[in-house]
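Participant: Got a sequence here, can you build the structure:
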Amino acid sequence: MTDAEIVRLRAVPLADFERDLAAMVALAQAAGKRVLLVGVIATATGETDDFDLAVERTADAHGTGFVDVRAVPYTLPDDLADAVHHAQAWSDRITAAIAQALGT
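Facilitator: You can find the predicted model right below:
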């Protein structure tokens, strides 16, 4: 399955994704919760780029934390479990970046 086919299966337009994410952030903040948004992993075709930018824009607009998973180092093909999913070592580095952003 190609990245484009995966995106079509999700059937979530970018504007809806960003609106819904902002609404969830606002609800969590209204409830007094700390919000940390995590970016979207890049794909070879760039299909997730706009969604990653939407997450970052939402974090900026709502003053939440943001973990840029695209800044977490990786090596191809060793850090992929398959054509799309990251392997354990890369997952561990992403988890460490999230923990660092949480201050733990």
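Participant: From now on I want contacts and neighbour counts done on CA atoms only, so please keep to that.
Facilitator: Fine.
Participant: Just the CA trace of stretch 78-85, in PDB.
Facilitator: Output of stretch 78-85 as PDB, limited to C-alpha atoms (Å, rounded to 0.1, in the frame of the first residue of the first chain):
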ATOM      1  CA  ASP A  78      18.100   0.000  10.000                       C
ATOM      2  CA  ASP A  79      15.600   2.100  11.900                       C
ATOM      3  CA  LEU A  80      12.600   0.900  10.000                       C
ATOM      4  CA  ALA A  81      10.600  -2.200  10.900                       C
ATOM      5  CA  ASP A  82       9.000  -2.100   7.400                       C
ATOM      6  CA  ALA A  83       8.500   0.400   4.700                       C
ATOM      7  CA  VAL A  84       6.500   2.700   7.000                       C
ATOM      8  CA  HIS A  85       7.000   1.800  10.700                       C
END
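Participant: chain center to the helix ranked longest in the chain, what's the gap?
Facilitator: As assigned by DSSP state H, the longest helix anywhere in the chain is helix 14-30. Between the centre of helix 14-30 and the centre of its chain there are 14 Å (C-alpha atoms, centre = their mean, to the nearest Å).
Participant: which stretches of this protein have low pLDDT?
Facilitator: 1-10 (pLDDT under 70).
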